[in-house]
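Enquirer: I would like the atomic coordinates for the input below:
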Amino acid sequence: MHGLTLSVHPSQKVAIVGRSGIGKSTIINLLTRLYTTPQSQDTSSPGIYLNGRAIESIPREELRMLITVVPQDNILVRGSATDNIAYGQPRKLLNSHAEEEQRRYIREVIRLCYEASRVAAAEELLGDAPYSGTLQGLSGGQRQRVGIARAVARGGSVLVLDEATSALDEETEKRVLQQLFRSLDRNQSVVVISHRLSTLRHVDLIYVLDNPDGSGARVVESGSYDWFVAESQYLKDAGQDISDLVSNCGCNSAGVTPGFSHAALDAKGDP
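Expert: Next up is the predicted model:
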């Protein structure tokens, strides 16, 4: 990466797109400090800042509570849907509370799980008893909905969706994303990594990454979804003419695209 600059404001939903290997996953790894950068407290210096704080100065435990990532492939633990949705809750609270406070906390976690499951359209997986049943034989889409519910229950200042709805059909994805974004606190931000136009149409701003001169990946385009569909050079270079994209995916004359075939971008690699 070289000269990469982008901002995500409170309550803003942004998407990052680009060809395979351009650095989308690297950004997530830097944001979560799986990769590290030189530390600086000067916000005018290159670096990553969360609410004005250099992320290197934020203790890892605190950073993990501030940033929640939903990957494409969610790891499920053995147990019920409630066990999995509650996974990642601060269990240390159970050890520090009196017995009655522990029961109250457990009831609150269960309530949170049921609310989160409704947001993620995964309520049918919980059933009537919160800890009954197991999650054997789930489809890819069901696993993703459990992962999204886990993220909703966990909260955080920044929600990262890394191809988090790739296994959902268009109608389910629309329902889940609309409910998810409505449920967010006004100070929460969302970063979306996706190559599906049906996903991108739900965000406020799209950043396009590229490395045009070989010096490193950077933002080469940015704009709204309507701009992206109508004018983005990235889409024009993706292997099909924009008019073909419109006719193939049900766009209307204004360029609003209800859905989009993956093949339209796969011609030059999975963005």
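Enquirer: for the rest of this, base every contact and every neighbour count on C-alpha atoms.
Expert: Will do.
Enquirer: check which element follows the host helix or strand of residue 148 along the chain.
Expert: Residue 148 belongs to helix 140-154 when assigned by DSSP states H and E. Under the assignment DSSP H and E, the closest C-terminal helix or strand after helix 140-154 is strand 158-162.
Enquirer: tell me what the next helix-or-strand element following that next one is packed against?
Expert: Tracing the chain past strand 158-162, the next element assigned as helix or strand by DSSP H and E is helix 170-183. Applying 3 or more Cα pairs under 8 Å, 6 or more residues apart in numbering; DSSP states H and E, one finds that helix 170-183 makes contact with helix 99-119, helix 197-200.
Enquirer: again, only using 7 Å
Expert: Helices and strands in packing contact with helix 170-183 are listed as helix 99-119; criterion 3 or more Cα pairs under 7 Å, 6 or more residues apart in numbering; DSSP states H and E.
Enquirer: quick one on the thing from earlier: what comes up buried for the helix holding residue 148?
Expert: Buried residues in helix 140-154, counting neighbours by 16 or more other Cα atoms under 10 Å, are found at 141-154.
Enquirer: and those, which is the shakiest by pLDDT?
Expert: Looking at those by pLDDT, the weakest one is residue 154, with 89.
Enquirer: that one contacts residue 89, doesn't it?
Expert: Yes - in this structure, residue 154 is within contact of residue 89 by Cα atoms under 7 Å, at 6.2 Å.
Enquirer: residue 227: which element?
Expert: Using DSSP H and E, the element containing residue 227 is helix 225-231.
Enquirer: now that helix: buried residues?
Expert: Applying 16+ other Cα under 10 Å to helix 225-231 flags 225-226, 228-230 as buried.
Enquirer: farthest pair in those?
Expert: 225 and 230 (8.6 Å; Cα to Cα).
Enquirer: in the sheet, who's paired with the closest residue to residue 12 other than its chain neighbours?
Expert: The shortest distance from residue 12 to any non-neighbouring residue, by Cα to Cα, 6 or more residues apart in numbering, is to residue 189 (5.1 Å). The residues listed as beta-bridge partners of residue 189 by DSSP bridges are residue 158.
Enquirer: residue 189 and residue 238: what is the separation?
Expert: Counting by Cα to Cα, to the nearest Å, the gap from residue 189 to residue 238 is 28 Å.
Enquirer: what's the answer for residue 103, then?
Expert: Relative to residue 238, and taking Cα to Cα, residue 103 is found at 55 Å.
Enquirer: between these two, which one's more packed in?
Expert: Set side by side, residue 103 and residue 238 show unequal neighbour counts under other Cα atoms under 10 Å, the larger going to residue 238 at 19 against 13.
Enquirer: wasn't that one part of a strand?
Expert: No - under DSSP: H, G, I helix; E, B strand; the rest coil, residue 238 sits outside any strand and is assigned coil.
Enquirer: for this structure, give me the ranges with low pLDDT.
Expert: 38-45, 91-97, 127-134, 239-271 (pLDDT under 70).
Enquirer: rerun that using 50 as the cut-off
Expert: Along the chain, segments meeting pLDDT under 50 span 240-271.
Enquirer: can you tell me the centre-most residue of it?
Expert: With distances taken as Cα atoms, centre = their mean, the chain has residue 161 as the residue nearest its mean C-alpha position (1.1 Å).
Enquirer: these two touch, right, that residue and residue 71?
Expert: Yes - contact criterion Cα under 7 Å: residue 161 and residue 71 qualify, at 6.5 Å.
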